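Asker: Structure of the sequence below:
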Amino acid sequence: MRHSIIRGAAAAGVLALAVGALAACTSPSDDNGQLVAFGPQGENGSLEDNKFTQLLEEKLDIDFDWQTTTYDGSVAGEKRQVSLASGDYPDAYFLVPWVDAFSRSEILKYGQQGVLVPLEELIDEYAPNLKERFDEKPDWKQSVTAPDGHIYAITQWTECFHCGYPSKLWMNTTWLDTLGLAQPTTTEELREVLRAFKNDDPNGNGKADEIALSASASEPVINYFMNAFAYAPYGSPSSPPPMVMDDGKVTISATSDGWRAGLQYVASLADEGLIDTASFTQNGNALRALGDNAEAEILGAAAVLHPYEIVTADSPDGRDTHYDAIPPVKGPDGTQFATYRSPVSPLGMFALTNKSSEEERIKAIKVIDYLVTDEGDRLGAMGPEGEAWVPAEEGDVALDPELEPTFKPLTYDETSNAAWRSMGQYWDSLEYRNSQVVPEDVYSPDGYERRLLEATKLYEPFAPDEDLLFPDAKLWPDPDTSAEVAELQTNIATYITQAQAEFVTGQRDIDDDGAWQSYLDDLSGLGVDRYLELQQQLYDAL
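Answerer: Down below sits the predicted model:
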């Protein structure tokens, strides 16, 4: 979230951008019985011609008139903002969380302005399936209900098990076998393994070309290692600073002694060349290029969510099967955590505006009500039966063998224009997801989901106690202080991320008490105490 003040010529430049972005949008039509809907459109065909759009139109007697954007987040987000700022906005927004979804601040702002209309009465009367889902997952209903008691937007509920433990370490266990090494269980054992990967020629080509460990800037490499010293909350470059609860008090873990000890350990690895320092700057494509290196297999380990981020599936030489998850290692004082990510999302995917008629609102909420059914989710998020999935058959085994199998995903044609994909994915409960049929060969591409599940089982026992977790995804902003919180958050999070990279790469000396104190003083100067005070107020208001 960003807060900025634009003056003079800068404002004129923004206005020019806004006019250009608006011109690129399809203008809403007059109220002629159509539902003017705003949503991202991919390169595989139009939303108007999409098979799932047409299914909804027939099933619910609805006629969409689409305003479209792209899946480029910066462009799509700007177009959505322009549509609201211009007053030329649609009847409904159908958005994607990682593209252009509404933030909590925006939901509350536009809801209280009357631009977004309350949905709770529509849900009560016309969305029985959504009501049932809210009953099943009360945290979901709590998370979409604003402090004033209204529901202005519907978010995604996703209990993807492997996504719930994102900071994993995937290690080349073929190299472990080649070198006669056991999987590391402590930080010092991990150091010894990485030394061997770097120095002992595990790929056997006689060259010192091995990279012991790498990552990408979008997934902080620090988190896996930090969990052996202090709990590292889920984070990304755009996330809030790492915060935890201490007996009901909001604190920033990045100022603790444990956090410093974690940085000292990671910096010591980098000093030996055991961590690729490009991890702090390179993107996912650059990381994948290391894993897919054509001349030789050179990557020993990577701190990522899943192994297909570092190597292409079904690689000709089978290297995609070489990487296995290493459970959280234990730190010197016995600390051993796994970063946990809540299924609660603060990002609004669906909202209705005051431009919509009562009839259009009823039809639109019925779209969401259908999308949260198992059938609606499969057709909307996956695609047609027979093309994207088939019903389970006798003898099939669910991802969770204790569940009755319900459907089997098929290899999907990514160029197909038959589903809404991410725009239609509102419901992804653990039970629903784990009832899908997945082959038992975890190293086959079709068995990949089982491979991720089995890996995540190694992390689940190290989840933090709930009273340690700061529930940032559940917090609603205070309109009176939201701009201040946003500015403080951006400045503090950016500084912490930058300083951590500098400590690890040696630009700052993490062992120097003066350098550490300077870091703490800088955070104080950025207003960390005020930020924690405001976050505490939001937490206490839950």
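Asker: got the phi/psi numbers for the closest residue to residue 364 other than its chain neighbours?
Answerer: If the residues on either side of it in the chain are set aside, residue 364 comes closest to residue 92, at 4.9 Å by C-beta to C-beta, 6 or more residues apart in numbering. Bear in mind the C-beta positions are built from the backbone N, C-alpha and C, glycine included. Main-chain torsions, residue 92, degrees, to the nearest 10: phi -150, psi 150.
Asker: Ok, residue 65 next?
Answerer: Taking degrees, to the nearest 10 as the convention, residue 65 sits at phi -120, psi 100.
Asker: Equivalent analysis for residue 245, please.
Answerer: Per degrees, to the nearest 10, the backbone of residue 245 is at phi -100, psi 140.
Asker: thinking again about what came up before, partners of the residue nearest to residue 364 in the sheet?
Answerer: Per DSSP bridges, the residues bridged to residue 92 are residue 37, residue 352.
Asker: and it, what is it in contact with?
Answerer: Shown in contact with residue 92 (C-beta atoms under 8 Å, 6 or more residues apart in numbering): 35-38, 350-353, 356, 360, 364.
Asker: of the residues you listed, buried ones?
Answerer: Neighbour counting over the contacts of residue 92 (16 or more other C-beta atoms under 10 Å) leaves 35-38, 350-353, 356, 360, 364 as the buried ones.
Asker: what helices or strands is the helix or strand residue 131 falls within leaning on?
Answerer: Residue 131 is located in helix 128-136, with elements delineated by DSSP states H and E. Counting contacts by 3 or more C-beta pairs under 8 Å, 6 or more residues apart in numbering; DSSP states H and E, helix 128-136 packs against helix 120-126, helix 138-144, helix 358-371.
Asker: what's the most buried one of the ones you listed?
Answerer: helix 358-371 (a mean of 21; mean count of other C-beta atoms under 10 Å).
Asker: all strands of the stretch 401-542 of the chain, in order?
Answerer: Along the stretch 401-542 of the chain, the segments classed as strands by DSSP state E, counting those that start in this stretch run 407-409, 427-428.
Asker: just to revisit the earlier point, in TSV: the buried ones among the contacts of residue 92, plus pLDDT and distance to residue 184.
Answerer: Below are those laid out as TSV (pLDDT from 0 to 100; distance: C-beta to C-beta, whole Å):
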residue	pLDDT	distance to residue 184
35	97	56
36	98	57
37	98	51
38	97	50
350	98	45
351	98	48
352	98	52
353	98	54
356	97	57
360	97	58
364	98	53
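Asker: picking up where we left off before, most neighbours per residue, which of the strands of the stretch 401-542 of the chain?
Answerer: Scoring those by mean count of other C-beta under 10 Å, the most buried comes out as strand 427-428, with a mean of 22.
Asker: can you map out the helices along the stretch 201-350 of the chain?
Answerer: Shown for the stretch 201-350 of the chain, the helices assigned by DSSP state H, counting those that start in this stretch span residues 222-226, 257-271, 284-291.
Asker: Buried deepest among those, which one?
Answerer: Taking mean count of other C-beta under 10 Å, helix 222-226 is the most buried of the helices of the stretch 201-350 of the chain, at a mean of 27.
Asker: need the helix or strand of the protein with the lowest average pLDDT.
Answerer: The helix or strand of the chain with the poorest confidence is helix 8-24; it has a mean of 32 (mean pLDDT, DSSP states H and E).
Asker: ok now the longest helix anywhere in the chain, how far from the chain's centre?
Answerer: Criterion DSSP state H: the longest helix present in the chain is helix 482-505. Mean-position distance between helix 482-505 and its chain equals 19 Å (C-alpha atoms, centre = their mean, to the nearest Å).
Asker: likewise stretch 326-334?
Answerer: With C-alpha atoms, centre = their mean, you get 25 Å for stretch 326-334.
Asker: Make a markdown table from the buried ones among the contacts of residue 92 and add distance to residue 200 to it.
Answerer: Below are the buried ones among the contacts of residue 92 laid out as a markdown table (distance: C-beta to C-beta, whole Å):
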| residue | distance to residue 200 |
| --- | --- |
| 35 | 63 |
| 36 | 63 |
| 37 | 58 |
| 38 | 56 |
| 350 | 54 |
| 351 | 57 |
| 352 | 62 |
| 353 | 62 |
| 356 | 66 |
| 360 | 67 |
| 364 | 61 |
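Asker: which among these gets closest to residue 118?
Answerer: residue 352 (9.0 Å; C-beta to C-beta).
Asker: Indicate which one of the helices of the stretch 201-350 of the chain is closest to residue 434.
Answerer: Nearest of the helices of the stretch 201-350 of the chain (C-beta to C-beta): helix 222-226, 24.8 Å.
Asker: average pLDDT across the closest one?
Answerer: The average pLDDT for helix 222-226 rounds to 95.
Asker: Likewise for stretch 366-375?
Answerer: 97.
Asker: who touches it?
Answerer: Against stretch 366-375 from outside (C-beta under 8 Å, 6+ apart): 56, 59-60, 62, 126-130, 133, 154, 350, 376-377, 380-381, 406, 424-427, 432.
Asker: Which phi and psi values does the residue nearest to residue 69 when sequence neighbours are not counted adopt?
Answerer: Leaving aside its chain neighbours, residue 69 sits nearest to residue 76 (4.0 Å; criterion: C-beta to C-beta, 6+ apart). Main-chain torsions, residue 76, degrees, to the nearest 10: phi -60, psi -40.
Asker: Compute the distance between residue 76 and residue 521, please.
Answerer: 40 Å (C-beta to C-beta, to the nearest Å).
Asker: neighbour-wise, which of the two wins?
Answerer: Counted by other C-beta atoms under 10 Å, residue 76 and residue 521 do not tie: residue 76 has more neighbours, with 23 against 10.
Asker: show me what contacts the more buried one?
Answerer: Residue 76 sits in contact with 40, 69-70, 99-100, where contact means C-beta under 8 Å, 6+ apart.
Asker: ok, which stretches of the stretch 401-542 of the chain are helices?
Answerer: Going by DSSP H, counting those that start in this stretch, the stretch 401-542 of the chain shows helices at 430-434, 448-457, 482-505, 513-525, 528-540.
Asker: Any idea which of those gets closest to residue 248?
Answerer: Here helix 528-540 is closest among the helices of the stretch 401-542 of the chain (C-beta to C-beta), at 8.3 Å.
Asker: Can you check what angle separates that closest one from helix 482-505?
Answerer: 120 degrees (axes from the mean of the first three to the mean of the last three C-alpha atoms, to 10 degrees).
Asker: Quick one: mean pLDDT over helix 528-540.
Answerer: 97.
Asker: What distance do you get for the closest residue to residue 198 other than its chain neighbours to residue 196?
Answerer: Of all residues not flanking residue 198 in the chain, residue 212 sits nearest, at 4.4 Å (C-beta to C-beta, 6+ apart). Residue 212 is 9 Å from residue 196, where distance means C-beta to C-beta.
Asker: Look at these two and report which has more neighbours.
Answerer: residue 212 (26 against 20).
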